[in-house]
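**Student:** Prediction below, plus the sequence it came from.
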Amino acid sequence: KQEVTQIPAALSVPEGENLVLNCSFTDSAIYNLQWFRQDPGKGLTSLLLIQSSQREQTSGRLNASLDKSSGRSTLYIAASQPGDSATYLCAPSLTYRGSTLGRLYFGRGTQLTVWP
Amino acid sequence: NAGVTQTPKFQVLKTGQSMTLQCAQDMNHEYMSWYRQDPGMGLRLIHYSVGAGITDQGEVPNGYNVSRSTTEDFPLRLLSAAPSQTSVYFCASSYSGGGIYNEQFFGPGTRLTVL
């Protein structure tokens, strides 16, 4: 079974800092890995999708890297803003599960607070 | 596009009652799935479908039924609600043509309380 751990569990920083959110997974045979943000009481918003053949993916101030062999992904947030406050979730899927390739495995997330 | 929509947003049931959580998507995605989210735990897969007429169980399927009669809709049925099914339920969909699974999109969720 794929186990996903996210560190830190919570992070509180002043506006403007560059942030690093870590995600580790136990099974390196991943198909792809997706990063989401979840605002309180809301659904999940997709931020980035990294295919297993990719090393990183960028969208605006966000950059996600993937190291399959070590079972790690990192989400970098540049110049953080109060609007970035949310819970961030990483979710890999496994490559050898046939029709269950679409299944995502979730950790508990990192709760980020960015204060002005 | 409306994306993935879910109804209702909130629901309170009594133990033993049944109900159906609705999920619809307008992106013509073959793959759809249901997750539940409980405090202190990651999201867990309940059921999924790779296309109309095809469904399968996920990690926590007991007490839930699904069917997929159309590409757009994937309802989740609670047969006899129990307090352990109090949770937030999310529906998700993605393109999955040719065995390739792309970015998954989630609905806003249904918050269910079983008394």
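**Tutor:** All right, it came through fine.

**Student:** Which residue is the nearest non-sequential neighbour of the residue of chain B found nearest chain A?
**Tutor:** Per C-beta to the nearest C-beta, B:G42 is where chain B lies closest to chain A, at 3.4 Å. All C-beta spots, glycine's among them, are computed from the backbone N, C-alpha and C. Distance criterion C-beta to C-beta, 6 or more residues apart in numbering or on different chains; nearest residue to B:G42, sequence neighbours excluded, is A:F106 at 3.4 Å.

**Student:** surely the one you found meets A:A91?
**Tutor:** Yes: counting by C-beta atoms under 8 Å, A:A91 is a contact partner of A:F106 at 5.0 Å.

**Student:** Which of these two has more residues huddled nearby?
**Tutor:** Comparing A:F106 with A:A91 by other C-beta atoms under 10 Å in any protein chain shown, the one with more neighbours is A:A91, at 27 against 22.

**Student:** OK, contacts around the spatially most central residue of chain B?
**Tutor:** The centre of chain B sits closest to B:W34, judged by C-alpha atoms, centre = their mean, with a distance of 2.8 Å. B:W34 is in contact with B:21, B:23, B:45-48, B:58, B:64, B:66, B:74, B:76, B:89-92, counting by C-beta atoms under 8 Å, 6 or more residues apart in numbering or on different chains.

**Student:** again with A:C90
**Tutor:** Counting by C-beta under 8 Å, 6+ apart, A:C90 touches A:4, A:6, A:21, A:23, A:33-36, A:73, A:75, A:106-107.

**Student:** rerun at 7 Å
**Tutor:** A:4, A:6, A:23, A:33, A:35, A:73, A:107 (C-beta atoms under 7 Å, 6 or more residues apart in numbering or on different chains).

**Student:** and B:S84, helix, strand or coil?
**Tutor:** Following DSSP: H, G, I helix; E, B strand; the rest coil, B:S84 is assigned to helix.

**Student:** can you count the residues close to it?
**Tutor:** B:S84, neighbours per other C-beta under 10 Å, totals 10.
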